[in-house]
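okay, predicted coordinates and the sequence, questions at the end:
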Amino acid sequence: MSQSALHNSKFVLASDRPRAIGLRWLEQSHVVRAILTSIIYYCGGQIDPLLGWTSSPAVLWPPNGVMLSVLLLAPTRFWWLYFLAVLPADLAISTVPLRFGLQYYVANSLQSLVAAGLIRVLAPPGRALDDVPSLVRFVAFGVLLGPVVGSLFGAWTVNSLHPETRYWVAFRGWFLANALTNVWLVPGMTMFASWLRGRRDDATQWRRSGWIEAVVLFAGLSIVLSFVFQFRHPKSEMLGAYLYAPLPFLLWAAVRRGPRGVSIALVLLVLVAIHGVAHGRGPFVTGTERQMMLQLQLVLLAMSLPTLFLAVEVRERGRAMAALQASERKRGHTEEELRASFAEVRDLAGRLINAQESERARIAPRCRPRP
């Protein structure tokens, strides 16, 4: 081998070494993220008992929301790693025989895979759900289609494990738990992850508007939620009106705080409401415990989706107005530059005409014919 070829081979090996090191660090970081995902996945499965709900089916199922959020943010080539990492956590959550535990895991994984796969096909990776097209895709695939697919298989597993449970009752419970969880959990997690990655579009808005308004907003919302869902109200025709009490604060969060503020407000709303109803408090006083929780799930879905869309629409309009103002300023600067350029051209043209006239006057006597 010639000396130049040896030099080139050493150069190639040296140039590839940082890439190999970077890839190894990338893989190690995804291993760490997968382990953290597994821990959060397991902790999410303990939400219902912490809120006081021990019956089946679950009211909320945060593990699938966590998994969907991770799949929306992680590269697709590492999805297998995250699915493998949450397998022990999923089996630990479900205290059932191994065969049924694996069936639950397949149903949960299938739901997250279908939802994330369809969303990622139509959207770039790492995109927060903070614009209307992204939110529409998320609702169509993450709130509707994905939970439907998972519920079809999950309800069959529930029916096999508990034959006394009707299939469509299990399907309804599985679907509502996952749909409600994805609505209040996934947008907030993806926005927070984007914020950590440096996409802090509305950070200046929070600083400019001041934290005092945010504290007043969430403190007022907490007080109202505590009154509505943490007290036993006497039966009356006004109980249904209590459900509208949080709406002004949700609209306030949507208009003034944006999607991130609405996500925080929805977390407070869902957790406080479910905790109250699970302990027999709140405006739902008729029917069985399961019927009251079903009513609450439908009410929370009806309140969450419109406020999310409102917050995203307000934010998009704000971005459009900012872009329009920037364009107007740029056009104003361009017009001023054009006026200055035209003035310089007119001045230069005037100087050229004056110079021509002077030169013509100077050489005119010499050009006259001699008598």
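Structure received.

domains of this protein?
With domains defined by automatic domain parsing, the chain comprises 20-182, 201-366.

show me the shaky parts of the stretch 101-250 of the chain.
In the predicted model, the stretch 101-250 of the chain carries pLDDT under 70 at residues 124-128, 196-210, 236-237.

which residues in it form helices?
132-137, 146-161, 167-196, 203-209, 211-229, 239-242, 247-252 (DSSP state H, counting those that start in this stretch).

need those helices in a markdown table with distance to Gln356, can you?
For every residue, glycine as well, the C-beta is placed using N, CA and C. Output for the helices of the stretch 101-250 of the chain, formatted as a markdown table (distance: least, C-beta to C-beta, whole Å):
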| stretch | distance to Gln356 |
| --- | --- |
| helix 132-137 | 62 |
| helix 146-161 | 79 |
| helix 167-196 | 64 |
| helix 203-209 | 57 |
| helix 211-229 | 68 |
| helix 239-242 | 87 |
| helix 247-252 | 71 |
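
to Ala278, which of those helices lies closest?
helix 211-229 (10.0 Å; C-beta to C-beta).

before we move on, back to that, and Trp195, which of the domains of the chain is closest to it?
domain 201-366 (7.3 Å).

just checking, Val70 touches Thr37?
Yes: contact criterion C-beta atoms under 8 Å: Val70 and Thr37 qualify, at 5.2 Å.

now do the shared contacts for the two.
Tyr82 (C-beta atoms under 8 Å, 6 or more residues apart in numbering).

possible to save the domains of the chain as a markdown table with mean neighbour count and distance to Phe192?
Formatted as a markdown table, the domains of the chain follow (neighbours: other C-beta atoms under 10 Å; distance: least, C-beta to C-beta, whole Å):
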| stretch | mean neighbour count | distance to Phe192 |
| --- | --- | --- |
| domain 20-182 | 18 | 9 |
| domain 201-366 | 15 | 8 |
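
make JSON lines from those domains and add distance to Ser194 to it.
Listed next are these as JSON lines, based on distance: least, C-beta to C-beta, whole Å:
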{"stretch": "domain 20-182", "distance to Ser194": "4"}
{"stretch": "domain 201-366", "distance to Ser194": "9"}
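
OK, contacts around Val70?
So Val70 contacts 33, 37, 82 (C-beta under 8 Å, 6+ apart).

again, 7 Å this time
Taking C-beta atoms under 7 Å, 6 or more residues apart in numbering, we find Val70 in contact with 37, 82.

tell me the pLDDT at it?
You'll see Val70 listed with a pLDDT of 93.

that one and Val106: what is the separation?
Plainly put, Val70 is 18 Å away from Val106 if you go by C-beta to C-beta, to the nearest Å.

for Leu271, same thing?
29 Å.

check Gly188 too.
27 Å.

repeat for Leu176
Counting by C-beta to C-beta - Leu176 and Val106 are separated by 20 Å.

who's in contact with the spatially closest residue to Leu269 that is not a sequence neighbour?
Spatial nearest neighbour of Leu269, chain neighbours left out: Pro246 (5.9 Å); criterion: C-beta to C-beta, 6 or more residues apart in numbering. Shown in contact with Pro246 (C-beta under 7 Å, 6+ apart): 221, 224-225, 228, 269.

alright, that wraps it up for me.
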